[in-house]
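Undergrad: This is a predicted model, with the sequence first.
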Amino acid sequence: MQWKLADSQALLLSAPPGHGTTEVCSHVIDLAKKKASQTNSYVLYFFASSTTDAMSSTNFAHTLLQQIVCCSNAEHADYIATTFLSTLLRRHFQRPTQAFMKDDEPDTTIENILRIPDDVLIEALLEVVKKTGIQELSVVIDGMSEDIARLVFKYSMRAIRKLKALFTIDESPQYGETPDRMTCIEYDKERRGL
């Protein structure tokens, strides 16, 4: 109820696979989409599969970027892509060991730009959110790592006035301190007397 009633709040659910977190996420997405159709807000979501590649922050960032483009009008698509790529490019040049090699193929150059730390990908994604003027956003991420969930929440709070986020992770939270405006519910914790 605390999470549902707050304007900006994140909920981190942790449970072993097969204990219903994906169903909870699907239900929350359905509710958020119904509300979004009436309030001009956005709903972004990502379901990670168990494969390492599918859980990468690159796939996550690109999936959410595609959803933003699909929710926006056609005129904004180029602007959104340009904003995302220019943020990555700017940060690429800030890395001390990165430079463009004269003999590199274009594909290699693009791969080097996209091979960037998680926080930079999330920063680029949220730069898109800021530039497109999204003021109210629901984010649901099922099965990502706790590190990614915390990064998304940290950067999102800076970019969005009203944020409702639901993250699920497969293992118990590793960090003892919960960030401000994030509530954690750990599977079976109360029953085990923790």
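TA: Yep, that arrived. Worth saying up front: this structure is predicted, and the values here are computed from it rather than measured.
Undergrad: so Tyr187 makes contact with Gly18?
TA: No - assessed by CB atoms under 8 Å, Tyr187 is found out of contact with Gly18, at 10.8 Å. C-beta: built from backbone N, CA, C; applies to glycine.
Undergrad: Quick check on these two: which one has the bigger neighbour count.
TA: For the pair Tyr187 and Gly18, the greater number of neighbours falls to Tyr187 (17 against 8), based on other CB atoms under 10 Å.
Undergrad: which strands and helices sit next to the helix or strand of the chain with the lowest mean pLDDT?
TA: One helix or strand of the chain scores below all others by mean pLDDT, DSSP states H and E: helix 106-114, with a mean of 74. Under the contact definition 3 or more CB pairs under 8 Å, 6 or more residues apart in numbering; DSSP states H and E, helix 106-114 sits against helix 74-94.
Undergrad: again, 10 Å this time
TA: If contacts are counted by 3 or more CB pairs under 10 Å, 6 or more residues apart in numbering; DSSP states H and E, helix 106-114 sits against helix 57-71, helix 74-94.
Undergrad: Let me know the average pLDDT across the first one.
TA: Average pLDDT, helix 57-71: 83.
Undergrad: got it, and the longest one?
TA: In this model, helix 74-94 carries a mean pLDDT of 82.
Undergrad: Give me the buried positions along it.
TA: The neighbour-count check on helix 74-94 (16 or more other CB atoms under 10 Å) flags 76, 80, 83-84, 87-88, 91-92 as buried.
Undergrad: Show me what it is in contact with.
TA: With CB atoms under 10 Å, 6 or more residues apart in numbering as the test, helix 74-94 has contacts from 61-62, 65-66, 68-70, 72, 98-100, 109-110, 112-117, 119-121, 123-133.
Undergrad: Kindly recompute the last result at 7 Å.
TA: Helix 74-94 has contacts (CB atoms under 7 Å, 6 or more residues apart in numbering) with 65, 68-69, 72, 98, 113-114, 116, 120, 123-125, 127-128, 131-132.
Undergrad: likewise stretch 146-166?
TA: 7-12, 25, 28, 57, 60, 118-119, 122-123, 126, 129-130, 134-141, 167, 169, 173-174, 179, 182.
Undergrad: Phi, psi for the residue nearest to the spatial centre of the chain please.
TA: Nearest to the geometric centre of the chain sits Val152, at 4.8 Å (CA atoms, centre = their mean). When quoted as degrees, to the nearest 10, the phi and psi of Val152 stand at phi -60, psi -50.
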